[in-house]
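J.: Quick one: sequence plus predicted model below, questions after.
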Amino acid sequence: MKKAITAIALAVASLAAAPPGMAQDIYRAVASGPAESPPNGSPGSSVATFEVDGSLMRVEAPFRDLLAGTVSAHIHCCTTEAFTGVAPVAIPFPDFPLQVTAGTYSATFDLSDAAVYDPAFLASFGGTPAAASEALFDAIAANEAYLNIHSSQYPSGEIRGFLVAAPIPEPATWGMLGAGLAGLALLARRRPRG
């Protein structure tokens with residue numbers, strides 16, 4: 001009976017590790033001072049996650065070691081070249097923690113709502129959320145949209161990082177995980193009883 005429970009537990013664990021569905025996309029932005037335009041020597045950093053599911057974008061943006069208190073943060077879009085240049089604000093981050101040098105920002109944006117976008121960004125794409133959203137995702141795919149966290153010492157931006165697609169494990173990786181779990185199951189079966 002214990003062996004059957006172990007096998008079931010391993011099967012459940014492997015299912016829990018399954019990759020996300022196709023409707024969901026995950027992006028990351030690794031932000032730093034040297035990635036700013038112009039670059040700066042800030043030791044600040046962030047590894048932010050942007051999870052898109054349908055029209056919802058969930059943002060989890062921890063940050064730390066800024067040289068001065070925060071004044072704003074947002075997604076900028078759309079530069080004219082990948083990983084370089086500057087662009088206007090596309091999505092402001094309301095309720096971003098202000099006047100701190102470290103913290104975490106979490107929010108969910110409904111990209112089908114016009115109020116999510118900066119008014120100038122929305123207007124530049126015909127005033128519709130559908131067009132603005134399409135432009136944003138085209139820019140993300142082309143590495144032309146970035147997270148920017150501004151501070152009082154660097155009002156143009158203390159740290160920034162371009163949004164890039166998070167890697168999804170190759171099928172071989174999932175096969176190796178399954179083989180490892182099967183090996184653990186065999187070891188559990190052969191364990192001497194004491």
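T.: Sure thing, it's come through.

J.: Number of residues surrounding T79?
T.: By the criterion of other Cβ atoms under 10 Å, T79 has 19 neighbours. (Glycine included, C-beta is placed from N, CA and C.)

J.: Which helix or which strand is home to the residue sitting nearest the centre point of the chain?
T.: In the chain, the residue lying closest to the centroid (Cα atoms, centre = their mean) is T49, at 1.9 Å. Using DSSP states H and E, T49 maps to strand 45-53.

J.: so what strands line up beside the helix or strand following that strand?
T.: Proceeding N to C from strand 45-53, the next assigned helix or strand is strand 56-63, under DSSP H and E. When pairing is defined by DSSP bridges, strand 56-63 lines up against strand 45-53 (antiparallel), strand 103-110 (antiparallel).

J.: could you point out which element follows strand 56-63?
T.: With DSSP H and E, the next secondary element past strand 56-63 is strand 70-77.

J.: list the helices and strands that following strand packs on?
T.: When contacts are defined as 3 or more Cβ pairs under 8 Å, 6 or more residues apart in numbering; DSSP states H and E, strand 70-77 packs onto strand 89-92, helix 129-141, strand 145-151.

J.: among the ones you listed, which is nearest G54?
T.: Ranking the helices and strands packed on strand 70-77 by proximity to G54 (Cβ to Cβ) places helix 129-141 first, at 10.8 Å.

J.: Which of the residues in that closest one are classified as buried?
T.: 129, 132-133, 135-137, 139-140 (16 or more other Cβ atoms under 10 Å).

J.: rewinding a little: buried residues in the strand holding T49, which are they?
T.: 45-46, 48-52.

J.: and the angle for it with helix 129-141?
T.: For strand 45-53 against helix 129-141, the angle by axes from the mean of the first three to the mean of the last three Cα atoms, to 10 degrees is 130 degrees.

J.: could you dump strand 45-53 to PDB, C-alpha only?
T.: Extracted in PDB, the C-alpha atoms of strand 45-53 (Å, rounded to 0.1, in the frame of the first residue of the first chain):
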ATOM      1  CA  SER A  45      18.400  45.600  -9.000                       C
ATOM      2  CA  SER A  46      15.100  43.900  -9.800                       C
ATOM      3  CA  VAL A  47      14.100  40.700 -11.400                       C
ATOM      4  CA  ALA A  48      10.500  41.300 -12.200                       C
ATOM      5  CA  THR A  49       8.000  38.800 -13.600                       C
ATOM      6  CA  PHE A  50       5.100  39.700 -15.900                       C
ATOM      7  CA  GLU A  51       2.500  36.900 -16.300                       C
ATOM      8  CA  VAL A  52       0.000  37.400 -19.100                       C
ATOM      9  CA  ASP A  53      -3.200  35.300 -19.100                       C
END
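
J.: Beyond the least confident helix or strand in the chain by mean pLDDT, next helix or strand please.
T.: Counting by mean pLDDT, DSSP states H and E, the chain has its least confident helix or strand at helix 2-16, which shows a mean of 38. Going down the chain from helix 2-16, the next helix or strand is strand 24-32, by DSSP H and E.
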